[in-house]
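>>> Quick one: sequence plus predicted model below, questions after.
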Amino acid sequence: MLISLGMALAQLESWRASTVMLDSAVTTTVTGRVERRETYDNGRWRYVVKVEATEKPSIHRPPERVTIFVRRQAQPFNLGDRIQGRARLTPPAGPALPRLNDFAFSSYFNGIGANGFAYGALTLLSPGGDAAENSLLDRADIWLAGLRNSIGDRIRRTLPGDTGAFAAALVTDERRAISDDTTEALRIAGLTHIIAISGLNMALSAGIFYIGLRYLFSLFPGLVQAWPTKKIAAFGALVTVTAYYLISGFGVSAERAFIMMAIMLVAVLLDRPSISLRNVALSAIVILVLSPSQVLGPSFQMSYAATLALVSGYTLWKRRKHRDNMLSRSRFLSPLLFVSRFFGGILSTSFIGGASTAIFSIEHFHRLATYGLAANLAAMPVVSFVVMPFGMAAMLLMPFGLDGPFWKVTGEGLELVILIAKTVASWGGDITFGRQPAWLMPTFIAGFLIMSVLRTRLRHLGFVLLLTTVGAAVFGSGIQRPDLMISEDGALVALRQDDILATNRERPQAFIFEQWQKSLVAAEHQPPTILPVDSRLPQISKKERRRRLSAEEQKMVRKAMEEALDRTMQGSFACQKGAWCVAMLENGAILVTIENAAYLPPACDTANIVVTAIRLRLDRCRSGAKLFTGATLRRSGSVEMDLSGDGPIISTAFENPQRPWTRHRTYDWRTGTFGAPIGLVSPVSDSDG
């Protein structure tokens, strides 16, 4: 029954989202309204735009919402503004390699059908105040988003640089304004959980308000005796975390933390235990009913793994046999006991939280921060006693304009946290892991649940299973690493030799290439050898799409490709810039990538594998060479090959893309249908290759 209910909820959420995904890249004029905006550290702006119209050309299946990056804009648009401009839109990215993260999945359930960037400046057609056709819910959403942006802007004006961006991220969850260097340092040091609106932030904000209010009530003994001040403080903390959640932007981690904290505070109101495994399970059920797609995301998995481990550990600690300590009976030594308990609590919670989320970090991000324990031990007192209390005071005083001094103190604390992160990051300790076998995650989760949920000695079996799984991840070799990788658009091709990736681009796309490096544990990049321009070869511009090479020109190009193979080492590329690249694989096969369809005939005659980003109507070479084009890769996604055996083993990201977030790959705008074959449309002649 539960399995059937889960499938029904997943289907319901997919139907409720029903996001129209852009089927192919296009440059068009977009008209729409600004629904969200975020700032970047380099002055760029990212807008979520609700599309009203597209023209020149008009998109047959326009997505309802798109994200547009704008460069060099002095004054940002306000939420609700109606704007227009020329933009390059692309579908959400699929997996960089088979079995890696499919970004189209999260885009689908977030309602984003395309990503893009603007050509030049966008034009304001009408301000947001004129949007009378918006519903009450839309206006409330725009008002909340505007409040969130104004708070973030005020914080960044008070605290410039990374400190202000960090402080704004703690309140509004806008993390893109933090510089890449600081973000990377926080990631390596294991402190990224601080900038996420997660259980830590919610617990500190609720705890500070709850304890502070109870201390305030304790100053009036008559009030404490006459009223249930504990429940009043819990209700006030509930209002506080609700306001925090509304301002934070409804992120996944914020939603999870809010639901869990709300359940715990309601438990206090109902005289029930607030910290228990039942409350953790109840909050998980609420999230899975509302949005079951979150169970596949790293935020949900890591948050609940850490929370489950911490609550289970707290339960075991409460059940321990209590022993009197001579320090607790001494008036002079009791402060030492308090300090040791505080840092001992940080040490134990950091260790439990880090250990419980380690395998998820390896699975999703292919990396592990080994010095996170030391970084948390140094940074958490600053966050707990300086950043969050003064930040909360600043937020409470912001409507009265008295928040400036408190933000200054918060900024000093955050500067110290950034310094700790960069210091720990300079030690190294960021271990990279390749892709892991499919059995790893289910085995780890089974052992983790046995260890954390059971209360008898049987839980030690879970520890053995968990330890075995982690050992396999750390000391095992993972899955077989491929020898040849092709990106889903065909623009980037790489060959792997041990920890070296040789590519056909001098500057490969960072978004794709960094994922390849982490998942394949290949740190070094080998750029191609750029050949000198040969005046004897035909010079073809990108605009000459219909150009056909004569037989003599094809012969000259084939000879140039063969000479280029002699000039380069095995496993590396030699490129005629803007035309083609060649490489000799370890098994003796020849790979050619081309940037113009005119070079297809000589490429097919020379190579065993031909790759091009151009959407040809062909899906194979007459010579028998394997042909990967923009059209075939659109359906299959990224491709990897294992060349170590007798024959190449080819894996693709999608075998049959029929999921709601992948169906756009099979859409044919000419017929307006899905599933149209992208195979051979016309026979292959000698001139076609």
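Yes, it's here.

>>> Stretch 146-156 - what's its average pLDDT?
Stretch 146-156 shows a mean pLDDT of 88.

>>> which residues are contacting that stretch?
Under the criterion Cβ atoms under 8 Å, 6 or more residues apart in numbering, residues 37, 39, 78-80, 164-165, 167-168, 171-172, 174, 177, 247-249, 395, 398, 403, 407 lie in contact with stretch 146-156. Heads up, the C-betas are built off the backbone N, CA and C, glycines and all.

>>> just checking, which of these belong to strands?
Judged by DSSP state E, the contacts of stretch 146-156 include 37, 39 as members of strands.

>>> From the contacts of stretch 146-156, list just the buried residues.
37, 39, 78-80, 164-165, 167-168, 171-172, 174, 177, 247-249, 395, 398, 403, 407 (16 or more other Cβ atoms under 10 Å).

>>> Contacts only, for the spatially closest residue to residue 590 that is not a sequence neighbour.
Nearest in space to residue 590, with sequence neighbours left out and distances taken as Cβ to Cβ, 6 or more residues apart in numbering, is residue 607 at 4.5 Å. Residue 607 is in contact with 561, 582, 589, 590, 591, 592, 625, counting by Cβ under 8 Å, 6+ apart.

>>> Let me see the confidence value for residue 607.
For residue 607, pLDDT reads 93.

>>> which stretches of the stretch 251-400 of the chain aren't confidently modelled?
For the stretch 251-400 of the chain, the stretches with pLDDT under 70 are 252, 322-334.

>>> need the strands for it, in chain order.
367-369 (DSSP state E, counting those that start in this stretch).

>>> Name the residues of stretch 556-564 that come out as buried.
The neighbour-count check on stretch 556-564 (16+ other Cβ under 10 Å) flags 556, 557, 558, 560, 561, 564 as buried.

>>> tell me which element the fourth one falls in.
Per DSSP states H and E: residue 560 is located in helix 551-567.

>>> helices or strands next to that helix in the packing?
Contacts defined by 3 or more Cβ pairs under 8 Å, 6 or more residues apart in numbering; DSSP states H and E place helix 551-567 against strand 573-576, strand 580-584, helix 600-606.

>>> Of these, flag the one that's most buried.
Mean neighbour count (mean count of other Cβ atoms under 10 Å) peaks for strand 580-584 among the helices and strands packed on helix 551-567, with a mean of 26.

>>> Next SSE downstream of that strand?
Later in the chain than strand 580-584, the nearest helix or strand by DSSP H and E is strand 590-594.

>>> So what are the sheet partners of that following strand and their directions?
strand 580-584 (antiparallel), strand 609-612 (parallel) (DSSP bridges).

>>> Same list (these) but as JSON lines, adding distance to residue 355.
Below are those laid out as JSON lines (distance: least, Cβ to Cβ, whole Å):
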{"stretch": "strand 580-584", "distance to residue 355": "43"}
{"stretch": "strand 609-612", "distance to residue 355": "43"}
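
>>> Out of those, which gets nearest to residue 646?
Closest approach to residue 646 among the strands paired with strand 590-594 is made by strand 609-612 (16.4 Å; Cβ to Cβ).

>>> Residues in contact with that closest one: which ones?
Looking at what lies outside strand 609-612 - Cβ under 8 Å, 6+ apart - the contacts are 484, 486, 490, 493, 585, 589-595, 597, 600, 603-604, 621, 625-630.

>>> Go again with 6 Å.
Strand 609-612 has contacts (Cβ atoms under 6 Å, 6 or more residues apart in numbering) with 486, 490, 493, 591-594, 603-604, 625-629.

>>> for stretch 42-51, same thing?
Against stretch 42-51 from outside (Cβ under 6 Å, 6+ apart): 32-39, 62, 65-71, 73, 76.

>>> from the residues you listed, which would you call buried?
Burial by neighbour count, 16+ other Cβ under 10 Å: within the contacts of stretch 42-51 this picks out 32-39, 62, 65-70, 76.

>>> from those, which single one is nearest residue 356?
residue 38 (30.6 Å).
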